[in-house]
Each structure stands twice: as C-alpha cells, then as structure tokens.
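Chemist: sequence and predicted structure below; questions after.
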Amino acid sequence: MRHNKKFNHLGRTASHRNAMLANMACSLIKHKRITTTVAKAKALKKYVEPLLTKAKNDTTNSRRVVFSYLQDKYVITELFKEISVKIADRPGGYTRIIKTGHRKDDAAEMCFIELVDYDENMAKEKTAKKATRTRRSKKSAAVAEAAAPAVEAPAEETKAE
C-alpha cells in the first residue's frame, strides 16, 4: 500500500533527485527564473521555500544548514545578501509557477518557476493603453467626439492657471 508516501520521486534515485533539486535551486537563485516541467517545479518549490525561509535569519548556523543543501558558496552569498533582504517581510510563498504549455517532442507540461519579488513584468503597474485610431461610422464618431471635449475641459483649465 502507498499510505503517506506523498512526494514525487521524479523517476530517479534519492541521490540523483537530491542533486538535481540542489542544482535547480542554485539556478533559480542565480537567474531568478527557470523553465522546467511542472512536476519538477512543484518538487523544487517544496525544496527551495524552506531554504528561503531559513535565509531570512542570517546566522552562521542557518548559513551552514543552507550550504549543506546547495553546496555553492556564491549562491549562498547572493541568497543571504540580496534575496533575504527582499523577502524579509514576506511570510511565505516566495516562488510562483506559471504554466507555459506542452513541450513539442514529448508533450510534457512545461512551466517556469520564478522568485516572486524579482518579477519585473508582474511588478510594473498597469499603464493605460494608448488610444489607437480606428474606422468608425459617422454616428459612433459623433458620439465619441461629444464625450471627448467634456473630459479634456478640466485639463485646459489647469494649464491656464
């Protein structure tokens, strides 16, 4: 029976799986976003989020514990110097998985996993779209022109002052 055997083995031995997750975690910390399969991304999320939580407390012991998992001193330096400062006030949920479709050759479901605080596209505020010229009938054009001066009138008063 398969009771309480919850984590995905990813078709690998324990040592291969641990090495792969450590390498993926290092790449995620270096590049802030990596592309992988959904199954690996979910396994990586469970692997790396406790390490990010541990990195919020910059002590010698926490550095040693995280180093025992990742084995890369440059990644550890970046994690404790830059990333821990950005995630200091976040109570959890440091990574985001966004699905991107299926891989062409074997139809594996692909995604990218990224650090939430480092995503420039999501962090930017939505800017108003610039109006584009379109062809309209005379009736709808007249309605649009009638509405436009009412909006622009207060702007002209502020310029005059």
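Modeler: Perfect, I can see it now.
Chemist: and whatever helix or strand Asn18 lives in, what's buried?
Modeler: Element membership for Asn18, per DSSP states H and E: helix 14-31. Using 16 or more other Cβ atoms under 10 Å as the test for burial, helix 14-31 gives Arg17, Met20, Leu21, Ala22, Met24, Ala25, Cys26, Leu28, Ile29. To be clear about C-beta, it is placed using only N, CA and C from the backbone, and glycine gets the same treatment.
Chemist: who's in contact with the fifth one?
Modeler: Spelled out, that is Met24. Counting by Cβ atoms under 8 Å, 6 or more residues apart in numbering, Met24 touches Ile34, Thr36, Lys40, Leu44, Tyr47.
Chemist: most neighbours among these, which one is it?
Modeler: Leu44 (22 neighbours; other Cβ atoms under 10 Å).
Chemist: surely it is in contact with Leu115?
Modeler: No. Applying Cβ atoms under 8 Å as the test, Leu44 and Leu115 come out as separate, 11.7 Å apart.
Chemist: shared neighbours of these two, which are they?
Modeler: Contacts common to Leu44 and Leu115, judged by Cβ under 8 Å, 6+ apart, are Leu28, Thr95.
Chemist: where do the strands sit along the protein?
Modeler: Using DSSP state E, the strands found in the chain span residues 33-37, 95-102, 109-115.
Chemist: run through the bridge partners of the residue nearest the centre of the chain.
Modeler: Geometric centre of the chain, nearest residue: Glu114, 3.4 Å, by Cα atoms, centre = their mean. Beta-bridge partners recorded for Glu114 (DSSP bridges): Arg33, Arg96.
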